[in-house]
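> What follows is a predicted protein model with its sequence.
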Amino acid sequence: MTELQTNSPLVDWRQNLVFIWISQFLAMIGFGCCMPFIPLMLRQNLHIEDEHLRGLYMSIYYLASMSSLCVATAVWGMLADRFGRKIMLLRASYAAALFYPMLAFAPNFWTLVIIRFICSFFSGTVNPAQILLVSTTPSEKHGFVLGTISTAIWSGDVLGYCMGGLMVHFFGYTTAFVTCGVIYFISGLLVHFFVKEDFEAVRRLVREKKAKNQKKPFREFATPGVLWLLALFLIMGIARRIDTPYVAMLVEKVCGLDKAAFFTGIIQAAAAIGGVLAGICIGHFCDRFKPQLILVPIIIIATATTLLQAYSTTPLMLIIARFLTYFASGGIQPALQLMIAKITATEMRGTFFGWAASLQTAGGIFCSLLGGAITYYLNIRGIFVTGAIITFLMLPMLLPTARACEKEKLKE
């Protein structure tokens, strides 16, 4: 199976990379301004104070978000292959600009959940940005652009978490959430006016290939290598997302309620810095070494440092542990995405990237249920211990995945 060459003279992949990088940097600033502080908002604005009950409510909130996103990413991924990748990124950016500020005005918990469900279905910029970049970039640069865009995501998180922590601490939740919407709108405008896609060229090449080849059923594209990788995306989704809704609650336990918002911003910013460095390193090494070789040490490190978070007793200890966890695990997703890009044809990448994102989100659905049970019956620290165990489970899956991918690698 050979890869379609879709690079158009009308598209400058370097210009696309620059402006998509800026747009995702801004989008993550907006996201970081509000999302980490939902557990604190439940306590202070909606008066849900009991730790066990608040943990249960957070799992319900997160379940609504993940179940909506799980369906949406697969749907939008397939629509991207049919109607274009740029329009999907615009849809996500403008929807986030509209719906995220509404969260601050929810009068009760269930209204908050409904708004989050709608927002998750129509927003989510990272996956369409990655699909658009891969589809307009030469194949030999895929590792570079995926690693580079991950630096935008993590560095945007750094600034967003710091800004959000300060805004919530000094001005309240409404200011932080409205700022999020404004930033997403600016992010969408950048893509609208400066990012190019010659989707007609892609469609012509797909039609030509279909005319030369008999139509194959979808199951022929879902090869063993693809299926193993999708399974890894599912496990990664559980491992990476299981502690996300509860970080602010762990910070509250370690640092105290009066400084929880401030230190949540600092600790999440430290994690994002780790992700920035991971993106730089992984993007560099994935174009030179096999991604599966890089995955082994980073999974081991991510497991150990997640355990360290669970047993942190001071803010500094938690900051260091969170930084190291994201420095390691921040490279897992780009490496897996590069492995998928190497064994799937161009005309199917939107679909498979969408399925991969959906399975990550399905992992979020599972861990929201698991996390709610753990916090309700045990405690917050138990969430992080569980996350370490699940991360470690990715190691024994790498060997069969690597073998299958080697057999199915596309001829350049």
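Cool, got the structure. Numbering: from 1, shown residues only.
> which element is E197 on?
E197 belongs to no helix or strand when elements are defined using DSSP states H and E.
> For the residue nearest to it when sequence neighbours are not counted, give its distance to K196.
Of all residues not flanking E197 in the chain, K86 sits nearest, at 4.3 Å (C-beta to C-beta, 6 or more residues apart in numbering). From N, CA and C alone the C-beta is placed, and that goes for glycine too. Distance, K86 to K196, by C-beta to C-beta, to the nearest Å: 8 Å.
> and what of I340?
Computed with C-beta to C-beta, the distance linking I340 and K196 is 24 Å.
> Neighbour count: these two, which is higher?
The neighbour comparison of I340 against K196 (other C-beta atoms under 10 Å) goes to I340, with 23 against 14.
> Now do the contacts for that one.
226, 229, 349, 352-353, 356 (C-beta atoms under 8 Å, 6 or more residues apart in numbering).
> Quick check: which element contains it?
helix 332-343.
> still on that earlier bit, pLDDT check: weakest of the contacts of I340?
pLDDT across those is lowest for R349, at 67.
> R381 reaches A310, doesn't it?
Yes. In this structure, R381 is within contact of A310 by C-beta atoms under 8 Å, at 4.9 Å.
> for the chain, what helix or strand is lowest in average pLDDT?
helix 218-221 (a mean of 57; mean pLDDT, DSSP states H and E).
> Show the subsequent helix or strand relative to it.
helix 224-241.
> Which strands or helices does that next one pack on?
Applying 3 or more C-beta pairs under 8 Å, 6 or more residues apart in numbering; DSSP states H and E, one finds that helix 224-241 contacts helix 332-343, helix 349-377, helix 380-392, helix 395-408.
> Tell me, how many residues neighbour E140?
So E140, with other C-beta under 10 Å, has 9 neighbours.
> cool, and R82?
10.
> Relative to C162, how far out is it?
Taken as C-beta to C-beta, the span from R82 to C162 is 40 Å.
> P107 should be in a helix, yeah?
No. Counting by DSSP: H, G, I helix; E, B strand; the rest coil, P107 is not found in a helix; it is coil.
> So what's the residue count around it?
Count around P107 with other C-beta under 10 Å applied: 9.
> Show me the longest helix that occurs in this protein.
The residue-count maximum for a helix in the chain (DSSP state H) belongs to helix 51-83.
> Packing partners of it?
helix 38-44, helix 86-99, helix 109-122, helix 126-135, helix 247-255, helix 349-377.
> give me every residue that touches the residue sitting nearest the centre point of the chain.
Nearest to the geometric centre of the chain sits V126, at 6.4 Å (C-alpha atoms, centre = their mean). By C-beta under 8 Å, 6+ apart, the contact list for V126 reads 24, 27, 153.
> Mind giving me the ChimeraX select for these, buried ones only?
Restricted to buried positions by 16 or more other C-beta atoms under 10 Å, the ChimeraX selection for those reads:
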select :24,27,153
